[in-house]
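Peer 1: can you look at this prediction? I've put the sequence above it.
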Amino acid sequence: MCTLKTIIEVLSSLTPIFIGLAVVYIAWQQHKTNKHRLKMELFDRRYKVYDAVIVAITKNFDEINYDMYYILHRDVSSARFLFTSKDKELDKKLLAFILKVVSAVHDIVKLRTEEDIPDLTFSQLSDTEEGRQEANDLCENLMTLRKEAIDVFSKYLTLEA
């Protein structure tokens with residue numbers, strides 16, 4: 001027969017189980033929240049690298065200078081740690097692309113330094129045949145990088161994974 005004493009004993013013995021279930025539920029919710037927060041932080045850091053690359057390759061030749069090169073170099077320095085996936089070939093392709101962008105910007109800055117004209121413009125460089133060819137090569141390189149950028153970064157700039 002169910003007496004009050006029996007009901008109290010059963011409820012007393014079930015209380016730790018209910019508390020345990022509540023603790024497991026709360027821990028699971030925190031796990032999901034932290035996993036989502038980690039994805040968001042990784043996305044934000046990856047986007048910072050992406051933005052630095054896009055800004056560098058969408059600048060006009062005349063706007064690229066040493067300060068921009070320094071900022072680009074600083075912002076992409078963590079790329080090898082941020083862009084990792086199970087597809088190692090894709091990772092290598094992205095890191096090679098970032099290196100090409102940094103190298104292209106560096107070439108323009110180096111050219112201005114060698115000419116000892118920090119504000120060397122595209123038109124000034126194009127005054128000679130050799131300069132015109134070099135300027136065109138540098139600009140074509142930037143145009144190629146612009147076309148390639150979205151394709152290379154697209155897999156990494158998602159909140160899935």
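Peer 2: The structure has been received and is ready for your questions. Residues are numbered from 1 along each chain as shown.
Peer 1: all helices for the protein, in order.
Peer 2: 4-58, 66-76, 79-82, 88-114, 122-125, 129-153 (DSSP state H).
Peer 1: next, format those as TSV and append mean neighbour count and mean pLDDT.
Peer 2: Every residue, glycine included, has its C-beta placed from N, CA and C. Listed next are these as TSV, based on neighbours: other Cβ atoms under 10 Å; pLDDT from 0 to 100:
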stretch	mean neighbour count	mean pLDDT
helix 4-58	12	90
helix 66-76	16	81
helix 79-82	15	80
helix 88-114	17	79
helix 122-125	16	58
helix 129-153	15	75
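Peer 1: could you check how far the closest residue to residue 104 other than its chain neighbours is from residue 16?
Peer 2: Ranked by Cβ to Cβ, 6 or more residues apart in numbering and with sequence neighbours excluded, the top spatial neighbour of residue 104 is residue 141, at 5.0 Å. According to Cβ to Cβ, to the nearest Å, residue 141 and residue 16 sit 68 Å apart.
Peer 1: same deal with residue 72?
Peer 2: Distance from residue 72 to residue 16, by Cβ to Cβ: 58 Å.
Peer 1: so the residue nearest to residue 104 makes contact with residue 101?
Peer 2: No: between residue 141 and residue 101 there is no contact under Cβ atoms under 8 Å: 9.5 Å.
Peer 1: how about the residue nearest the centre of the chain, what does it touch?
Peer 2: Central residue of the chain (Cα atoms, centre = their mean): residue 46, 1.9 Å from the mean position. Applying Cβ atoms under 8 Å, 6 or more residues apart in numbering, we find residue 46 in contact with 82-83, 156-157.
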